[in-house]
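1. 3D model of this:
(2 chains)
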Amino acid sequence: MIRIDDVSIAYGRGPRRVLAVDRIRLEMDQGSSLALIGPSGCGKSTLLFSIAGLLKPCEGTISIHDQPVVRPRRDVALILQNAGLLPWKTVWQNANLSLRLGKEPRDKTAAGVLRELGLYDVRDRFPSELSEGMKRRVGIARALSTSPSVMLMDEPLASLDTLTRERIQDLFLRLWHKHGFSLLVVTHDIEEAAFLGQRIIVLSDLPASVKTVVENPHMGDLAFRRSDTFYNTVASLREALAE
Amino acid sequence: MKMSGQGEPNTTRSPGWFDRLRHQGAIHQIVRYVVSIILLLACWEIASLIITAVKGRALLPDPYHAMSEVVRLAPILFRHFWVSAWRLVLAMLLAFSTGYPLGLLIGHERKLDEIISPIIYIVYPIPQVAFILLLFLVFGIGNPVKVAIVAVALFFQILVSARGAAKLIDQEHLTSVLSVGASRWQVYRHVVLPATLPSILTSLRVSVGLGMAFLYIAETTATMAPGLGSFVKSSQFNQAQAFAGILMMAFLGLILYIMIDVLERVLCRWKYVRGRGS
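-> Next comes the predicted model:
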């Protein structure tokens, strides 16, 4: 379970201090999915980095499984905008990076995840030799390699073409069902939020605060994208963002 | 119907040394070097003819004469060459092994940067030649001072490049390792070092030229001990002989450039793969 209690996050000091997140409170059950949507630069990624233990809130507390988050945790994976792959490491080295940095036993590798995602045959290639879609899958492989209980995603499919984006959204959904992690995705894409979030939090412009909460209980099926409910959710999100 | 099976000769042959070289682009590289050398010699020959015609004297020896001198003086020239080569390589190693890590630390650790950068801004613009007298006073007139003069000049060059490269590291690369709880050492090992390596190798290439200039100054100041610099200076009244020494300097620079290129191909393998794009 993720609990965010009246969290505020600020950058800078003195006259240069910028409040990025203003007293956000929310809860997320284990195994559920939640999408945070808001205008670009509203502070949603800042909140995500705080949940990942990379930024310290100036007020309030964040806890995961009833333990306060003070630094990055081994059971929380973060997928970044451009997959965060290191160009100087091969697919194999990138996928195993979290395991090696965490000093896991050498025999524990990401081979299974790479096979699951169809990347095992390209394990010796460098990221520059891969398509954008493959790079995102390597990022997912790295995140899954440590079997996390929480998966955080910071606009993971930005700058992808529509078809590739939908294919990877389908993959996220399948993996979420299969692995049972809690999924928290930050996005500015309305359709992505409607497809991946059981609950969708609409954030205000800077500083981010909760504007509206949209429940989306019918998501979770690949066919959801073509249903009327999906279009209705997208329409209500559009309205909420425009308000 | 013909079936492939046991006993059938294998029609696919393993690539030979020529194929491997061609695949690595080495043949293309060699051809480029040969063409460049021919062009350079042609320009040199033309310049020599023009100067002789204008001044009425062969002030600039033609390539044939200079190279004849290289052949004639080969044993002596190579003795000077080795002395200069080890001085330059040692100075580069000293500058690299101190300037690179210090530059990375200053560039990556904000607090250290705030303290040390003002010192660099004050010291770096001072021409390093100004320190030569001080270095002679500290190290005497032997080999150590010659190495120290070059090392001091290159140290600042590499330090400033490393600092700049460390500041330009993509934040996403740092976040991706920090988010899995990487220690400070792991951040340096997995991100800072590899991310800055290409820039530092470029800086090292620039250092070859700069190092050669300072080596000439070091080898021609105060003493006339062996070295290509002192050989060229002592041959100032025999231009063909002086140019034989200059050719050996160019040869030394070329060898160092090639060594850095090879080092880059080994250490920065990811830069040489063919990108697929999106």
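
2. what's the offset of the helix or strand that A:Ser45 is a member of from the middle of its chain?
-> In the assignment (DSSP states H and E), A:Ser45 maps to helix A:44-51. Relative to its parent chain, helix A:44-51 has a centroid offset of 10 Å by C-alpha atoms, centre = their mean, to the nearest Å.

3. then it to CSV, C-alphas only?
-> What follows is helix A:44-51 as a C-alpha-only set of coordinates in CSV (Å, rounded to 0.1, in the frame of the first residue of the first chain):
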residue,chain,number,x,y,z
LYS,A,44,3.5,15.3,-11.2
SER,A,45,7.0,13.9,-11.9
THR,A,46,8.3,15.6,-8.8
LEU,A,47,5.7,13.7,-6.7
LEU,A,48,6.6,10.5,-8.4
PHE,A,49,10.4,11.0,-7.7
SER,A,50,9.4,11.6,-4.1
ILE,A,51,7.6,8.3,-4.0
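
4. next SSE after it?
-> Taking DSSP H and E, what comes next after helix A:44-51 is strand A:59-64.

5. now the closest residue to chain A within the stretch 51-200 of chain B, what's its secondary structure?
-> Closest to chain A within the stretch 51-200 of chain B is B:Ser176: 3.1 Å, counting by C-beta to the nearest C-beta. Just so you know, the C-beta spots here come from the backbone N, C-alpha and C atoms, and that holds for glycine as well. Assigned with DSSP: H, G, I helix; E, B strand; the rest coil, B:Ser176 falls in the helix class.

6. ok so, going back, run the angle between the helix holding A:Ser45 and strand A:59-64 for me.
-> 70 degrees (axes from the mean of the first three to the mean of the last three C-alpha atoms, to 10 degrees).

7. check contacts around A:Val138.
-> A:83, A:85, A:91, A:94-95, A:117, A:119, A:127, A:130 (C-beta atoms under 8 Å, 6 or more residues apart in numbering or on different chains).

8. Which residue, neighbours along the chain excluded, lies closest to A:Cys58?
-> Distances taken as C-beta to C-beta, 6 or more residues apart in numbering or on different chains put A:Ala10 closest to A:Cys58, at 4.9 Å, once the chain neighbours are dropped.

9. in what helix or strand does the one you found lie?
-> strand A:2-11.

10. next one: A:Met151
-> Residue-wise, A:Met151 maps onto strand A:150-154 under DSSP H and E.

11. Let's see the pLDDT reported for A:Ser128.
-> pLDDT recorded at A:Ser128 is 92.

12. So it belongs to a helix, correct?
-> Yes - counting by three-state DSSP, A:Ser128 is located in a helix.

13. any idea how far it is from B:Cys268?
-> 12 Å (C-beta to C-beta, to the nearest Å).

14. Tell me who's in contact with residue 225.
-> Since you didn't name a chain, this refers to chain A. A:Arg225 neighbours (C-beta under 8 Å, 6+ apart): A:166, A:191, A:195.

15. Correction: the question concerned chain B.
-> B:83, B:142-143, B:146, B:219.

16. at 10 Å what do you get?
-> The contact partners of B:Ala225, by C-beta atoms under 10 Å, 6 or more residues apart in numbering or on different chains, come to B:80, B:83, B:141-143, B:146, B:219.
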